[in-house]
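A.B. asks: missing the sequence, but the structure's below:
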């Protein structure tokens, strides 16, 4: 049906409203799910997000706009069999979903501009959804050998299993008061890489949903290293068992 100028103006207005309707993006995601996810992931990856980032509206928002104006969509309707008389026109003009369907016809997508707006900084995302590389990097930045030594010396298993056993081998009595013995830990170092430690943390679920890397590293990094005995060292004894006996 050949449309009058007034009818074209009505359809033009309806298409403009359809482009402002949030249902347009929702419908695109449903009709072109794989294309949407691939496009969104490409945009995120190009902007520093990890591959396989969870695609949701809190991270990235899609926008669909007409490339120039909505005239091509009005022309499409006029050239279709959807409107054969005035009754058809009156029915279509009030059906908002119809205009969304026309915009999303595959051949009509060339008349649209599709863009994405990233809503969160990639580092902020990685703080809550870390990759092995990001977690390893943050642990490496926070690591301090003196702090590790402090945590090791405070660990009860270290005191009773490693330190006491070493002291007994060096001639101290089994009931030696550990607090009176002076010793140092020379050449203290990790026995595994931060990458492998990060992989273990993520694979075993030690990093919980809702946690943040910064908080996790401060709270749990040394505990994980100490509990897993992921370190090695050399004892350097600064007390003599006989001198200790004389003092007692």
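C.D. replies: It's in. All values reported here derive from a predicted model rather than from experimental measurement.
A.B. asks: how deep is residue 164 tucked in, by neighbour count?
C.D. replies: Summarising burial for residue 164: neighbours were counted as other Cβ atoms under 10 Å, giving 17. Bear in mind the C-beta positions are built from the backbone N, C-alpha and C, glycine included.
A.B. asks: which secondary structure element contains it?
C.D. replies: Secondary-structure assignment from DSSP states H and E places residue 164 in helix 164-169.
A.B. asks: so who does the closest residue to residue 140 other than its chain neighbours touch?
C.D. replies: Closest residue in space to residue 140, ignoring its immediate chain neighbours: residue 194 at 4.8 Å, by Cβ to Cβ, 6 or more residues apart in numbering. Residue 194 sits next to 136-137, 139-140, 143 when contact means Cβ atoms under 8 Å, 6 or more residues apart in numbering.
A.B. asks: By neighbours, which of those wins?
C.D. replies: Neighbour counts for those peak at residue 139, which has 21 neighbours (criterion: other Cβ under 10 Å).
A.B. asks: so what's it closest to, chain neighbours aside?
C.D. replies: Leaving out its chain neighbours, the residue that sits closest to residue 139 by Cβ to Cβ, 6+ apart is residue 194, at 4.8 Å.
A.B. asks: isn't there a helix covering residue 51?
C.D. replies: No - with DSSP: H, G, I helix; E, B strand; the rest coil as the criterion, residue 51 is located in coil rather than a helix.
A.B. asks: Do you know the pLDDT at it?
C.D. replies: Per-residue pLDDT puts residue 51 at 89.
A.B. asks: circling back to that earlier point, list the buried residues in the helix holding residue 164.
C.D. replies: Residues of helix 164-169 classed as buried under the neighbour-count rule (16 or more other Cβ atoms under 10 Å) are 164, 167.
A.B. asks: what's the following helix or strand after it?
C.D. replies: Moving toward the C-terminus from helix 164-169, the first helix or strand encountered (DSSP H and E) is strand 183-190.
A.B. asks: quick one: strands adjacent to that following strand?
C.D. replies: Paired neighbours of strand 183-190 in the sheet (DSSP bridges): strand 231-237 (antiparallel).
A.B. asks: In the record's domain split, what are the boundaries for the protein?
C.D. replies: Using automatic domain parsing, the domain ranges for the chain come out as 5-126, 130-247.
A.B. asks: Check the ones you listed for me: which has the lowest mean pLDDT.
C.D. replies: Set side by side, the domains of the chain show their lowest mean pLDDT on domain 130-247, which sits at a mean of 91.
A.B. asks: Please consider this matter closed, and thank you.
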